[in-house]
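Novice: From the sequence below, what's the structure:
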Amino acid sequence: MATDQPCYTVIFESSAEYPSAAELRTALEKGSDDVKLEALRKIVVSTINGNPQPSLMMPIIQFVMPSRNKQLKKLLHFYWEVCPKYDENGKLKQEMILVVNAIRNDLQHPNEYIRGATLRFLQKIANESELLEPLIPTCRACLEHRHSYVRKNAVFALFSIYREFENLIPDASELMSTFLAAESDSTCKRNAFIFLAHCDLPKAVDWVLSNHENIPTLDEGLQMSVIEVVRLDCKNDSTHRARYIRLIFELLNVSSHAVKYEAATTLTLLTQNPAAVKASASTLISLIIKESDNNVKLIVLDRLEALRAKHEHILDGLIMDVLQILGNSDMDVRRKAMNIVLSMTSSRNVEEVALFLKKQLLRTQEKAAEFDKASEYRQLLIQSIHVTAIKFSEVAASVVLALMEFLGDSTSSSSTSNAATASTALDVIAFIREVVDKFPYLRSGIFDRLVANLSDIKSGKVFRGVLWILGEFVGIQESYASASEAAEAIRQCVEGIRTCIGEIPIYVESAQEENATEEKTLVKEVGAGKPKLLADGTYATETAYTATSSSGLRNEKTRPPLRTLILGGDFFTGTVLAVTLTKLVLRFDGLSSEQADSNTLRAQAMLIMTSIIRVGHAKSSPALGAPLVQIDEDSTERIMNCIQTLSELSGGAKVDTDDEEAIVKEIFLRDTKKAFQRMISAQEKRAAEKREAETSRKTSAVQVDDLLSFRQFSKKGADQELDYEEDLGRATGATDVREDFISNLSRISQLTGFSDPIYVETYVKMHGFDIMLDVLLVNQTANTLQNLCLDFATLGDLKIVERPSVYTIAPHGFQSIKATIKVSSTETGVIFGSILWEGPNMSEACVILNDIHIDIMDYIKPAYCNEAQFRSMWTEFEWENRVNVNSSVSDPREYLKHVMKSTNMSCLTPEGALSGDCDFLSANMYARSLFGEDALANLSIERTEAGTVTGHIRIRSKTQGIALSLGDRITMAQKDSKPLSA
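Specialist: Next comes the predicted model:
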C-alpha cells in the first residue's frame, strides 16, 4: 500500500447539477460513448473532490473498460490514477485484478498509441507495487516494439518503477546497456541513457567514453544528458576529467544554444585554465548576440558577469566582442552589457573602448531613427564615457569635446524628446564639471568650446550648469601660463555671455522696442468667394481685417536663448548668471593691473544684474504671449548681494576695506569650490563603500584555524560546487539560519483576554510575500468545545489562502492552527477574526479576536538613486501624502535620523549638505518595497525659537497604499516621544 496519497487540484462542481450514483450507473450501462465520456468525467471530478463513489467501480470495469474508444481509454487512465485502490484494511481491492488484466491487454495492443499511452499511465502509478509487479514482463517486452513511441515510453515507465522499487527490475543496468547498443532512435537513446546514469553511473560513463567521437553529432537532448553525466562523475574527482574537457570543448561548437550554454557553464567547473575560460566566455558572448529572446540574454549576461568576476583580467581581450552586444535594442540588455564593459576596461584597451562608445554616440545623433530608445541609449553612453574618462585620464581629452555636441536641444519638438535631451545634456555637464576639476590642462580648450556653444543651449538647467563651470574655473591662474592670459580668458567669457543675452538693458528692449515693432497691423483682404446678395437686391463685397504679428514671431525665434529664459520668468537662471559674473569680475580684479578694464567689466556685470531685476518687477509681460512672472524674494536678495559686492570693490584705493574684500572673495571664489569638492568626495566615498560591500560579499574571510571539508580538497580550482542537491537545499531554505527564541517572542500577538473561555495568541512571521500565522488556542473551560471554527478576514491588499478546518478541543486542551495570508502590495493591512463553537446543550458561543496590524516595514528596504532619477520619479508619481511635523525634539538632524529609522528610508542628500549649524533642514529620502514600489519623501523642517521642530514631510509614490502607510508610520512614530527625546 502506498504510504502517501497523491495531491490533486480541487475542481469546483456545482452540486445542483451533479447527478446521483444511480443516474451515473445508468449512463455507464446504457449510454453511448459520448454519454459514458461525460459520466466518467463527472466521476473523476467527484473523486478528486473527495467523493470517490466506490460503488461505481464495477460498472466502469464492466461497461467502460471494454470500449475501444481512445478518449474513453485516456479518461479511464485518469480514473485509475485517482480512484481508491485499497480497502479499509489496506489490502488491494479484488476489482483491481481485473484492472491489471486490462492494462496488460493494452500493453499488448497492436495500436502503438494505446501501448504508449498505457506506458505513460504506468509512470503515474509507479508507487503501486502490487499493481505493477504483474506488468513488468509486458513492459520489458515493449522495449523491442517496432515503433519508437512505444519504446521511449517503455524506457521511462521502467525508469519510474525502478526509482520506487529497484527489486522489481534487478538487471536494470544490463537491460539499458543492451538497449542502448541496439537502439537507433535519438529520443529512445536519451531516455535509456538517463535511466542508465541513474541506476549505474560507471556504465553510463563507459558509454560516454566509448562514443566520444560521435557525441557532437548526436541529438540535442542526448548531448544535454551527457553533460549532466559529466557533472555527476566529476563530483567524485573522476580520472577522466581531461577527456571530459576535450569533449566539452567540442560541444561548444554545436548548433544548439541550450547545449552550448550548458557546455560553457560546465567547462568552467572542470578547469580554470585561461584558454578554457576564454572559450567559455566567447561562447556565452556569441549566445547573447545570436539569441533572440531578451530574457535568455539577461540570464547569459549574469553568467558572463559571474565568470568575469571570478577571472578578472583573463577576459579583458574579449571586451570588443562584449561591446557588440550594445547593438541589441533592449535597454536592460544594454545596461548589463555596459556594466560588464566598464568592469573589463583597463589601460590596455581603454582607447578602443572610448573610440567605440564615441562612434555609437555620434550614430545616435546622426541616425536616431535606427536606434530604439535613442535618447536613453545616448544617456547610457554618456554616463559610461564619463566613468571611463575619469578613471583613465588619457582618453578624457578625446571624448570631452565630442560630448559638447549634445549640450543643445534636439530638433524634435515633442516634450518627451526635449526632456530626454535635457537629461542627456545634464549628464554631459556633470562629466565636463568633473573633468575640469580633475584635469586642469584641459580647461582652456573646454572653456573656449563652452562659450562658443552657449547660443545652442535652450534648457535652463543646462545653462545653470555651464554658467557654474565658467564662473568657478575660468581665470584660475594655475590653468594659464600668465596672469594676462587668465584675464583675457575672463574677458572673452564675459563677452560670450554678453552675446548670449543680447542688447542691454533687457527690459527696455522687450517692453518698448519689441512691443512697438510687434504692434498689430490691420491688413485688408478682399474676399475671394462668391459675392453676397443683400436684402434690397444689390451686391456687397466683404472685407476682412486680420491682425498679424509676424515680426513678433520672428523676434521670438531670433532672440538669444539666455534672454528668452530671463524674459520667460526663469529668475533662478538669472541668479546663477549674477553669481557667475560676480566671480569672474572678482577674479579679473585680482589679475588685471588696468583699473579701467576692471571697472568696465564690473559695470557691464552690474548692468546685466539690474536688467534682470527690472524684468522681474515689470508691470506687464516682458515677452509677447508669455505670462507675467514676478521675481521671487530669494532671487532678488541674491542678485542685490552680488550688485552690492561689485559696487563696494575698492580697486586698491581704500586700504581699510581690504579685510572685507578678502572675506568676500573667500566666499565667492573658494567656499563654493570647497563645497563642490566635498560633494565629489562624498560621492566617491559612497562608491568606494559600495565596491567594498560587493567585494566583501564575494570573498568570505577564512581563518587559519577553520576546519576544511573534504569537498574543498577535491574541488579546489572549480568555480562553484557541482552539488545541485546542496543548491536545491539553499533555494528551498533548508540551510537558512533559524531565528532565536527571543526574536520569536517579539512577534507574538495576544488575540483574546485571559478571562475569555478560549485564550488565543498567534505568532506572526513574514516569509517572502506570505504572512504565516501560527495560532495557539487554549480551552480554559471544563467543557468540550465542539465544531470550533476560527474565521479570519482581512483589510487591505491581503488575501487568505486557505480556510482553517473545524476542530474539537477537550477541556483544558490545546490546539495549534496555521493560516497563510498572501500580501500583494505595501499597504497597511489589518487581520481580524472571530471564533465560533458549540458549547453544552448545543449552544453557540463566539469570541471576537483582537486586530492584527501588519507592519509594512518588513517589506520596505532602503535604496539609493541619483538626483536625476529622484526628480524624474517625483514628477511622475501622482499620489502625495503630506504629514505635518510638530515635535519636541530640538535638533533637526536627530529628527531626520528618527524618521529614517522609523520608515527604513535612506537619505539621498549628501552628508556635506547636512553639515554645519543651521535652523533649517531639507533632505530627500528614498526606499523601495519588495514588490518593486518606489517611495520618495522630502523632509522640510526648521527649528523654532521655542526649541521645537516644525515643518512637513511630503511622501510620493506611484500607488496610494505605500504613501498612506508611510504617512501613518511617521505619524505614529511622531507621537512616541521616547525616540524623539533621546
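Novice: And for the closest residue to Gly221 other than its chain neighbours, the neighbour number?
Specialist: Nearest residue to Gly221 in three dimensions, chain neighbours excluded: Arg190, at 4.3 Å (Cβ to Cβ, 6 or more residues apart in numbering). For the C-beta atoms, the positions are set from N, CA and C on the backbone; glycine is no exception. Burial of Arg190 is recorded as 22 neighbouring residues (other Cβ atoms under 10 Å).
Novice: Retrieve the pLDDT associated with Arg190.
Specialist: Per-residue pLDDT puts Arg190 at 89.
Novice: Mind giving me the packing neighbours of whichever strand or helix holds it?
Specialist: Using DSSP states H and E, the element containing Arg190 is helix 186-199. When contacts are defined as 3 or more Cβ pairs under 8 Å, 6 or more residues apart in numbering; DSSP states H and E, helix 186-199 packs onto helix 148-164, helix 172-182, helix 201-210, helix 220-234.
Novice: Just name the most buried of those.
Specialist: helix 148-164 (a mean of 22; mean count of other Cβ atoms under 10 Å).
Novice: any idea of the angle that one forms with helix 172-182?
Specialist: Going by axes from the mean of the first three to the mean of the last three Cα atoms, to 10 degrees, helix 148-164 is angled at 160 degrees with respect to helix 172-182.
Novice: Might you list the low-confidence residue ranges for the stretch 601-750 of the chain?
Specialist: 621-626, 650-658, 694-744 (pLDDT under 70).
Novice: Just the CA coordinates for the helix holding Arg190, please, in PDB.
Specialist: Output of helix 186-199 as PDB, limited to C-alpha atoms (Å, rounded to 0.1, in the frame of the first residue of the first chain):
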ATOM      1  CA  SER A 186      17.700   9.600 -30.600                       C
ATOM      2  CA  THR A 187      14.800  10.100 -28.100                       C
ATOM      3  CA  CYS A 188      14.900   6.500 -27.000                       C
ATOM      4  CA  LYS A 189      18.600   6.600 -26.600                       C
ATOM      5  CA  ARG A 190      18.300   9.800 -24.500                       C
ATOM      6  CA  ASN A 191      15.700   8.200 -22.200                       C
ATOM      7  CA  ALA A 192      17.800   5.000 -21.900                       C
ATOM      8  CA  PHE A 193      20.900   6.900 -21.100                       C
ATOM      9  CA  ILE A 194      19.200   8.900 -18.300                       C
ATOM     10  CA  PHE A 195      17.900   5.600 -16.900                       C
ATOM     11  CA  LEU A 196      21.400   4.000 -17.100                       C
ATOM     12  CA  ALA A 197      23.100   7.100 -15.500                       C
ATOM     13  CA  HIS A 198      20.600   6.800 -12.600                       C
ATOM     14  CA  CYS A 199      21.000   3.100 -12.000                       C
END
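Novice: count of neighbours near the nearest residue to Leu577 once chain neighbours are set aside?
Specialist: Distance criterion Cβ to Cβ, 6+ apart; nearest residue to Leu577, sequence neighbours excluded, is Leu467 at 5.8 Å. With neighbours defined by other Cβ under 10 Å, the count for Leu467 comes to 24.
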